[in-house]
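[1] quick check, what structure comes out for this input:
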Amino acid sequence: QVKLVESGGGLVQAGGSLRLSCAASGRTFSPYAMGWFRQGPGKEREFVAAITWSGGSTFYRDSVKGRFTIFRDKTKNTGYLQMNSLKPEDTAVYYCAADRSSWRPKAPADHTEYDCWGQGTQVTVSS
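    Next comes the predicted model:
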């Protein structure tokens, strides 16, 4: 069993930065892909970014390309989402997720491919 715990959310002004962390515990020795999703108020959950086990390949939704960076530190069993140049439309609860069946996201933007989820962390960007 893998447990994911997010941290690093908060309130920031537009143009600011935040780094989210996703700490994995439990049976983390098997390779697994990791992703970040978000759900804004009154919106559907949407894909943000994903990364392979090795970190060699990353995937992003168009609206965050060039502003967000996903990376992971396998020695710490932790994934990260560095968010720069934040915009009010980035306001959402951010969730990290793991696809324990694959070292590479089979369908990065498909939330049904991920079988383990964190509890979420709130990110609020003020204008």
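[2] does residue 79 touch residue 51 like I think?
    Yes: with contact defined as C-beta atoms under 8 Å, residue 79 counts as touching residue 51 (7.0 Å). Backbone N, C-alpha and C define where each C-beta goes, glycine included.
[3] these two - which one has more neighbours?
    residue 79 (28 against 25; other C-beta atoms under 10 Å).
[4] please, which helix or strand holds the more buried one?
    Element membership of residue 79 [criterion: DSSP states H and E] is strand 78-83.
[5] for the helix or strand just after that strand, name the packing helices and strands.
    Sequence order places strand 92-99 as the next helix or strand after strand 78-83, per DSSP H and E. Strand 92-99 sits against strand 2-7, strand 18-26, strand 33-39, strand 78-83, strand 116-117, strand 121-126, with contacts defined as 3 or more C-beta pairs under 8 Å, 6 or more residues apart in numbering; DSSP states H and E.
[6] of these, which is nearest residue 102?
    strand 33-39 (5.5 Å; C-beta to C-beta).
[7] neighbouring contacts of that closest one?
    For strand 33-39, the surrounding residues in contact (C-beta atoms under 8 Å, 6 or more residues apart in numbering) are 20, 22, 45-53, 70, 72, 79, 81, 90, 92-99, 102-106, 108, 111, 114, 120, 123.
[8] work out which residue lies at the spatial centre of this protein.
    residue 36 (2.3 Å; C-alpha atoms, centre = their mean).
[9] ok, and the closest non-adjacent residue to that residue?
    Among residues not flanking residue 36 along the chain, residue 48 sits closest, at 4.3 Å (C-beta to C-beta, 6 or more residues apart in numbering).
[10] tell me which helix or strand that neighbour sits in.
    strand 46-51.
[11] tell me the strands beside that strand, with direction?
    With DSSP bridges as the test, strand 46-51 is paired with strand 33-39 (antiparallel), strand 58-60 (antiparallel).
[12] which neighbouring elements make contact with the helix or strand that the shortest one is followed by?
    Where DSSP H and E defines the elements, the next helix or strand beyond strand 58-60 is strand 68-73. Here strand 68-73 is seen to pack against strand 33-39, strand 46-51, strand 58-60, strand 78-83 when contacts are counted using 3+ C-beta pairs under 8 Å, 6+ apart.
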